[in-house]
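> model this:
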Amino acid sequence: MVRRSPAAGGRGLPRWAWIVTGLVVVLALVGGVSAWYQGNPRPGGPASTSPAPTAGAPAVPNGCLAGPLNDADGLLQAQRDAPQNQAGAVGFGAAVLRWIAQYPRPSAKDGSTVAAAVLAKGATGTIAHLAANMASAETLPGVNSGSLNFSEGRYIVEAATPDMVRVTVGGAEVQNGKPTDQNIASTFTMVWESGVWKVRSDGSERSLDELFASGSAFAGGC
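Alright, predicted model coming up:
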């Protein structure tokens, strides 16, 4: 059925109909204005009705905490910058492994400087002999440069307290500027000591396959 508009000059709508029609129009306008303001908040008002991000959400560890140069100064600055939380401990652990894995090896002087700064009291494991190991490291035939890239790296937190984080970290090996399809990983026990994260021990708690299959990704890397 087609509803036609009243003919000109014909009988108009009763008064109550006009009142009802007017109320409908007013309600529609109010609803439309309210909807517009929700989608377009006025300056100074709330930016959005969406809930804010959850406060205290854990940060994602940085896989390039020591910077692209990966020198001793960068590593020690990363140690000072790493916050006292899991992300700080994991990020600094990755920075330590990346520094150790670089080639050419750091100088004996840098090895001693770094060892004195990053090793916790009573450190055990291979890491406890960091300075001596760096000084006696053999050359790699045919390799001009080597590094460890954490842009595709992974980590697994094995255990954690406010002052201790045991974490397995791993990255992709790069030689002569090209990926080698090999990964390098280590499990570090990081402790909060003298206001910074330090390494108490190292080891191998995860297989590479397990780490890269189920580990968490870093927030970028270098």
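> Quick one: the strands in the protein, in order.
Listed in chain order, the strands of the chain (DSSP state E) span residues 119-124, 146-161, 164-175, 178-193, 196-203, 216-217.
> looking just at contacts, which helices and strands does the first one meet?
Just to be clear, that refers to strand 119-124. Strand 119-124 sits against strand 178-193, strand 196-203, with contacts defined as 3 or more CB pairs under 8 Å, 6 or more residues apart in numbering; DSSP states H and E. Yep, even glycine has a C-beta here, placed from its N, CA and C like the rest.
> Just the buried residues of it, please?
By neighbour count on 16 or more other CB atoms under 10 Å, the buried set for strand 119-124 is 119-120, 123.
> could I get those residues as TSV with pLDDT?
Converted to TSV, the buried residues of strand 119-124 look like this (pLDDT from 0 to 100):
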residue	pLDDT
119	98
120	98
123	98
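> quick one: which of the residues you listed is nearest residue 104?
Closest approach to residue 104 among these (CB to CB): residue 119, at 22.2 Å.
> residues contacting the nearest residue to residue 124 once chain neighbours are set aside?
Counting by CB to CB, 6 or more residues apart in numbering, residue 124 lies nearest to residue 201, which is 4.6 Å off, once chain neighbours are set aside. Neighbouring residues of residue 201 by CB atoms under 8 Å, 6 or more residues apart in numbering: 123-125, 127-128, 188-189.
> can you give me how far stretch 112-122 is from the chain middle?
Centre-to-centre, stretch 112-122 and its host chain are 26 Å apart (CA atoms, centre = their mean, to the nearest Å).
> Tell me where the model's unsure across the protein.
1-58 (pLDDT under 70).
> quick one, helices of it?
Along the chain, counting by DSSP state H, helices occupy 15-39, 72-81, 86-101, 108-118, 130-135, 208-214.
> Quick check: buried residues in the second one?
Pointing back at helix 72-81 there. 72, 74-76, 78-79.
> between that helix and strand 196-203, how many degrees?
Relative orientation of helix 72-81 versus strand 196-203 (axes from the mean of the first three to the mean of the last three CA atoms, to 10 degrees): 110 degrees.
> cool, the fourth one as well?
Between the axis of helix 108-118 and that of strand 196-203 there is an angle of 110 degrees, by the same axes, to 10 degrees.
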